[in-house]
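Undergrad: what shape does this take:
(2 chains)
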Amino acid sequence: MKSLAVLLISILLVGQPCLADDVKFVRQGEPSPFTGYLFSVEKEKELRLLDQKLEFANMKVDLLKKSNELQNEMLTISAQRSEMYKTNSDSLSKQLADHKSDNFWKNTLYFSLGAVLSGVVAYGVSRSVR
Amino acid sequence: MFRHQKSKTSDAEARAQNAEVRAQDEVLSETIKKVMDENRKVLQNLAEIEEQEKTLAPKATTPEEVEKHWNKK
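TA: Below is the predicted model of the structure:
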């Protein structure tokens, strides 16, 4: 019988840690072992379900925190990776610009040498023709 | 001649630099892969818990089991 089976739960707040063996099962008419709060079987079930939900919620919070930490770690590594590529790209661009500049002066030098050589040849030819 | 030598050196330097970047990138990408795997496991665990939560109901029925549930805290 429902009315016979009652439960004495001595807790100040649901979810708060309570002292060992604070919860005792007592039948109707039996003297209660200590002063406390009496809950019906249904109410106890309801509270126990809430307690279990709280446990699950805590587990979920822990997992989400862990997942957040891991995602932050991934972001940090990705930023590091991106920075590395940027530095490399900047360095290679500078090297390419230097290389292009070198080529310009090299071409100018060869062109000038060619012009001088042509002039010398033309001069030699004109002198030998005379 | 000197310029040609210089050009060769800078080319070799660029290649070495690229190789170094590629090696570092491999290490970083491996680390990201490990972190992603770990995160995937965490999210899988979370999904399992959410699934279990859907069928949540007080299991203990005997007074002893109920007492045990509350007194373990």
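
Undergrad: quick check: which element contains residue A:38?
TA: Residue A:38 belongs to strand A:37-39 when assigned by DSSP states H and E.

Undergrad: so what strands line up beside that strand?
TA: Partner strands for strand A:37-39, per DSSP bridges, with pairing direction: strand A:5-9 (antiparallel).

Undergrad: one step back: I'd like the average pLDDT over the strand holding residue A:38.
TA: Per-residue pLDDT over strand A:37-39 has a mean of 90.

Undergrad: show me the helices in the chain, by range?
TA: Answering for chain A, as no chain was given. Assigned by DSSP state H, chain A shows helices spanning A:41-129.

Undergrad: that's the other chain; I wanted chain B
TA: B:2-54, B:63-71.

Undergrad: show me what the shortest one is packed against.
TA: Right, helix B:63-71. strand A:5-9, strand A:23-27, helix A:41-129 (3 or more CB pairs under 8 Å, 6 or more residues apart in numbering or on different chains; DSSP states H and E). In short, each C-beta sits where N, CA and C put it, glycine included.

Undergrad: just say which of these is most tucked in.
TA: When you average the neighbours per residue for each of these (mean count of other CB atoms under 10 Å in any protein chain shown), strand A:5-9 leads with a mean of 19.

Undergrad: read off the pLDDT value for residue B:60.
TA: pLDDT at residue B:60 comes out at 70.

Undergrad: show me which residues of chain B are close to chain A?
TA: Proximity of chain B to chain A, by CB under 8 Å from any CB of the partner chain, involves residues B:3, B:6-7, B:10, B:13-14, B:17-18, B:21, B:24-25, B:28-29, B:31-32, B:35-36, B:38-39, B:42-43, B:45-46, B:49-50, B:52-53, B:56-58, B:60, B:63-64, B:66-67, B:69-71, B:73.
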